[in-house]
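Visitor: below are the sequence and a predicted model; questions follow.
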Amino acid sequence: MEINDFVKTLEREGELLAEVAERAGPDAQVPTCPQWRIADLLRHTGSVHRWAAAYVAEARRDPVPFPDPPELTGAELFAWFRAGHADLVRTLQEAPADVQCWTFLPTAPPSPLAFWARRQAHETAVHRMDAESALGAEFSPVDPGFAEDGVDELLTGFHARPRSRVRTPEPRVLRVRAADTGAVWTVHLSPEPARTVLGDEGPADCELRAEAGWLYAALWNRLPLAGPAVTGDPQLARLWGETAGV
């Protein structure tokens, strides 16, 4: 996907998140994040948007602490969220292609601008699912190519970091296969951070096979990682659900 595609997705997902959150109301519980209500979801995502925009807008080269969200409520909270989302979209649209700033995943798109456009599109899409869960609604569909990219970011980026808790005492292999896009990942688990390679690589102890959109939601722990999509050793799927939160 191109930078502009990610920015358009970010714009659409943020608008949908705000719309769904307003329908649910700020006090609604968020089942996919049991410790949160909708107000907490908006404060978190709005703070992330401002944090990300500052790296790009100010060409920040070093990490800075995550900002504390304001204790706003009601209409003021929704307006604050929308303002931060709009500013992030505008910042990414207007930033020079060669802007240099801090990023944080070991595998990333070819430029910092591409990194932040991609990361915030997925950040916002996943939290849009959280808002929809507060309504008890089915998740709005995502483009299969975007979903595939989100799975790739999670497997080759987030869970390649030392802080990932998805580990096994003995070497095990988890295969992830997107039935609609054809993408395949082989995730090598061990006491070390996961090592993910593209394609089939040797036998797998457990395989997840489903459409990319389902894999996207399930691997980000927004749907149960269970059912006919899981074959082989179900303990690896349970391990993911218990330890893969980021």
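Guide: It's in.
Visitor: give me the nearest residue to residue 173, chain neighbours excluded.
Guide: Closest residue to residue 173 apart from its sequence neighbours, by C-beta to C-beta, 6 or more residues apart in numbering: residue 204 at 4.6 Å. C-beta: built from backbone N, CA, C; applies to glycine.
Visitor: and residue 131, what does it touch?
Guide: Residues in contact with residue 131 (C-beta atoms under 8 Å, 6 or more residues apart in numbering) are 17, 20-21, 24, 30, 38, 41.
Visitor: do the same with residue 205
Guide: If a contact means C-beta under 8 Å, 6+ apart, then residue 205 has 172-174, 232-233, 236 as its contacts.
Visitor: neighbour-wise, which of these leads?
Guide: With neighbours taken as other C-beta atoms under 10 Å, the top of these is residue 174, carrying 25 neighbours.
Visitor: hang on, residue 185 in a helix?
Guide: No: counting by DSSP: H, G, I helix; E, B strand; the rest coil, residue 185 falls outside a helix, being strand.
Visitor: give me the pLDDT for it.
Guide: Note on residue 185: pLDDT of 98.
Visitor: what pairs with it across the strands?
Guide: Here residue 185 sits in beta bridges with residue 176, residue 198, as judged by DSSP bridges.
Visitor: would you check how far apart residue 94 and residue 57 are?
Guide: 9 Å (C-beta to C-beta, to the nearest Å).
Visitor: and the two? Which one has more around it.
Guide: Set residue 94 next to residue 57 and count neighbours by other C-beta under 10 Å: residue 57 wins out with 18 against 9.
Visitor: let me see the contact set for the residue nearest to that one when sequence neighbours are not counted.
Guide: Distance criterion C-beta to C-beta, 6+ apart; nearest residue to residue 57, sequence neighbours excluded, is residue 91 at 4.9 Å. Residue 91 makes contacts with 53, 56-57, as judged by C-beta under 8 Å, 6+ apart.
Visitor: go with 10 Å
Guide: Residue 91 sits next to 7, 49-50, 52-58, 99, 113, 116, 120 when contact means C-beta atoms under 10 Å, 6 or more residues apart in numbering.
Visitor: ok, now residue 70?
Guide: Shown in contact with residue 70 (C-beta under 10 Å, 6+ apart): 43, 46-47, 76-77, 80.
Visitor: wasn't it part of a strand?
Guide: No: the assignment for residue 70 is coil, going by three-state DSSP, so no strand is present there.
Visitor: can you tell me how far it sits from residue 40?
Guide: As for residue 70, its distance to residue 40 is 13 Å (criterion: C-beta to C-beta).
Visitor: phi first, then psi, for residue 209.
Guide: phi -130, psi 120 (degrees, to the nearest 10).
Visitor: and for the residue nearest to it when sequence neighbours are not counted, the neighbour number?
Guide: Closest residue to residue 209 apart from its sequence neighbours, by C-beta to C-beta, 6+ apart: residue 177 at 4.4 Å. For residue 177, the neighbour count with other C-beta under 10 Å is 19.
Visitor: looks like residue 177 contacts residue 206 (just checking).
Guide: No: between residue 177 and residue 206 there is no contact under C-beta atoms under 10 Å: 11.3 Å.
Visitor: in the chain, which spans are helices?
Guide: Taking DSSP state H to define them, one finds helices in the chain at 3-24, 38-57, 74-94, 112-134, 144-156, 212-219, 234-243.
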